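J.: Sequence and predicted structure are below.
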Amino acid sequence: MVVGPTTITPAKMADDERFKTGRLAGLSMWSAIFILAWPVIIESMLNSLVGLVDTKLSAGLEDGVAATDAIGGASYIMWLMGLVFMALGVGATALISRSIGKGRVGVANVVLGQTLTLSMISGVVVGILVWVLAPGVTVLLKMTPEATVLFTEYMRIIAIGVPAASVLFSLIACSRGAGDSVSPMKVMIVRNIFNMVISWACSGVEIFGMVSPLGLDWGVSGIALGTILGDLAGALFILHKARSGTWGIQLKAIRMRPHTHTVIRLVKLGIPNFMETFGLWVGNFFIIAFVGLLGAQMATEGLLGAHIIGIRIEAFSFMPGFGVGMAAATLAGQYLGIGRPDLAKKAVWRCTLIAAGMMGFFGILLMVFPWQITAMLSTQPIHLQEVPSLLVVCGVVQIPFAVGIVLRAAMRGAGDVKVVMALTWTATYGVRLPLAYFLSGVDIPIPDFLGGGMVMNPDLPMQWFGLEPGLTMLWIALCSDMVIRAVFFAMRFFQGGWVKAKV
């Protein structure tokens with residue numbers, strides 16, 4: 001299929017820096033940031049709410065500690081699934097935002113159609129892999145027999161819904177690239193309603209004194225069912241919006257036929273992004289393995305669940321940074337498409353300052369009310385014992401974390417994916433993993449096929465804030481990495497090479 005770009009007058013700036021065309025027409029930079037960011041912040045919080053609901057319900061089951069460990073481990077596998085969708089989405093956001101900035105609506109329409117086609121194919125492939133590999137993952141995570149059964153049960157149901165999730169998140173990325181961040185927010189509202197109601201109704205967990213009127217007691221299977229039906233409802237909603245043309249671009253069946261040139265462009269942007277986030281995921285999988293080994297080493301059941309609850313809460317704290325970062329990515333792409341790198345830099349820097357202020361406020365809450373926040377998710381003794389100190393550590397680094405989130409998102413939106421990948425890998429393997437190993441005090445077993453034995457932690461004569469090696473020290477290592485990562489991205493931002501990236 002040969003596609004000739006439909007060209008309209010390229011979007012330009014008026015003398016007062018207002019957009020003249022597109023969905024952002026008539027808006028100043030500050031207004032555009034606000035219009036793009038606030039729906040994404042709410043959408044991101046709603047997205048995180050899906051995981052929080054699953055964690056809350058699992059903690060309320062009769063076998064709550066094992067169920068929380070199982071769903072906690074599952075969250076890492078679901079993150080890996082999301083990397084595929086995210087890689088495709090980053091390419092789609094960059095290409096659509098640049099095309100709209102240049103006034104090439106026809107090209108943007110082709111990118112939209114090809115993104116949907118690739119998302120459906122990748123969703124089926126990933127779903128099959130999750131179904132097949134689920135049992136083997138539990139060995140790597142050192143799960144108890146009870147948690148192993150629950151994990152496999154949960155993940156195989158989730159695998160069925162992977163194609164719907166793939167379509168959902170890929171089209172959300174297209175919507176953002178077109179400058180519409182309200183539709184994804186509405187989609188997430190629909191998704192959360194389905195997830196919360198169905199998961200509660202089918203799991204058999206009593207919440208706020210309310211018992212499911214259906215009388216079902218399906219445990220983690222009911223929780224997983226709510227998740228996949230929520231994804232399906234969200235996918236159908238976003239498909240309707242894509243076909244309606246309200247984004248300024250429109251999904252048409254003819255644009256879904258394979259178009260080699262567009263597929264290559266998406267893949268060229270997507271592969272470095274996937275490699276970046278996959279490298280980050282592998283590093284974090286080692287971290288979760290460290291947590292499992294720590295639990296066995298300390299003979300403490302539920303440590304993995306405590307780690308995941310801390311991450312779930314932390315995820316809420318960085319949602320403002322993520323939302324403002326998505327605004328920065330869209331604006332950077334459109335300004336560069338117009339040919340105004342100076343305005344792209346100004347927009348990104350303004351977004352960075354906004355995110356730092358918002359996340360700094362969340363950091364204060366985490367440091368002042370850690371126990372109260374933890375108790376909202378779980379009353380399991382091990383969770384109340386371990387999680388509050390993790391939240392305090394996380395609260396301390398919220399501002400540099402915000403800087404890293406926004407600058408990274410903006411550079412990816414500009415198409416600077418290879419450099420972002422290099423910086424992420426350097427921080428993950430040069431800082432994050434070594435620090436986590438040394439500070440946690442974990443001993444690492446050597447597989448039998450490599451000769452067996454144990455790599456003993458050197459137990460260096462160091463203590464941070466008087467703490468012994470353990471989960472809190474592990475989190476100090478992880479949060480130290482966030483600070484260094486922010487420095488890396490700031491150096492790239494001020495160096496300016498990201499504005500010259502080709503897409």
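T.: Received, thanks. The model shown is predicted, which means the values in this text are computed figures rather than measured ones.
J.: Now do the strands in this structure.
T.: Assignment of strands within the chain using DSSP state E yields the ranges 444-445, 454-455.
J.: what's the offset of the first one from the middle of its chain?
T.: In this case it means strand 444-445. Chain-centre distance of strand 444-445: 29 Å, with CA atoms, centre = their mean, to the nearest Å.
J.: quick one: strands adjacent to that strand?
T.: strand 454-455 (antiparallel) (DSSP bridges).
J.: who's in contact with the strand it pairs with?
T.: Asp443, Ile444, Pro445, Ile446 (CB atoms under 8 Å, 6 or more residues apart in numbering). Using the backbone N, CA and C atoms, a C-beta is placed for each residue, glycine as well.
J.: Of all the strands of the chain, which one is nearest Phe316?
T.: Comparing the strands of the chain by their distance to Phe316 (CB to CB), the top pick is strand 444-445, with 31.7 Å.
J.: Report the rounded mean pLDDT for the closest one.
T.: What strand 444-445 shows for mean pLDDT is 80.
J.: just the contacts of strand 454-455 now: which is nearest Pro434?
T.: Checking the contacts of strand 454-455 against Pro434 by CB to CB gives Ile444 as the nearest, at 12.6 Å.
J.: beta partners for that closest one?
T.: Assigned bridge partners for Ile444, using DSSP bridges, are Val455.
J.: what about Ala67, how many neighbours?
T.: By other CB atoms under 10 Å, the residues close to Ala67 number 28.
J.: swap that for Thr68, sorry
T.: 31.
J.: And Ser48, by the same measure?
T.: Count around Ser48 with other CB under 10 Å applied: 21.
J.: pretty sure it is touching Phe316, no?
T.: Yes - the criterion here is CB atoms under 8 Å, and Ser48 meets it with Phe316 at 5.5 Å.
J.: if we can go back for a sec, give me whichever of the strands of the chain is most buried.
T.: strand 444-445 (a mean of 13; mean count of other CB atoms under 10 Å).
J.: Residues in contact with that strand: which ones?
T.: Counting by CB under 8 Å, 6+ apart, Leu293, Tyr437, Gly452, Gly453, Met454, Val455, Asn457 sit against strand 444-445.
J.: Show me the two of those residues that sit farthest apart.
T.: Tyr437 and Gly452 (19.6 Å).
J.: Settle it for me: which of these two has more neighbours?
T.: Tyr437 (20 against 9).
J.: For the closest residue to Lys241 other than its chain neighbours, give me the pLDDT.
T.: With CB to CB, 6 or more residues apart in numbering as the criterion, Lys241 has its nearest non-adjacent residue at 4.8 Å, and that residue is Ser183. In the predicted model, Ser183 carries a pLDDT score of 88.
J.: quick one: contacts for Ser183?
T.: Contacts of Ser183 (CB under 8 Å, 6+ apart): Ile172, Ser175, Ile238, Lys241, Thr246, Trp247.
J.: isn't the fourth one right up against Trp247?
T.: Okay, so that is Lys241. Yes - judged on CB under 8 Å, Lys241 makes contact with Trp247 at a distance of 7.1 Å.
J.: Many thanks, I have nothing further to ask.
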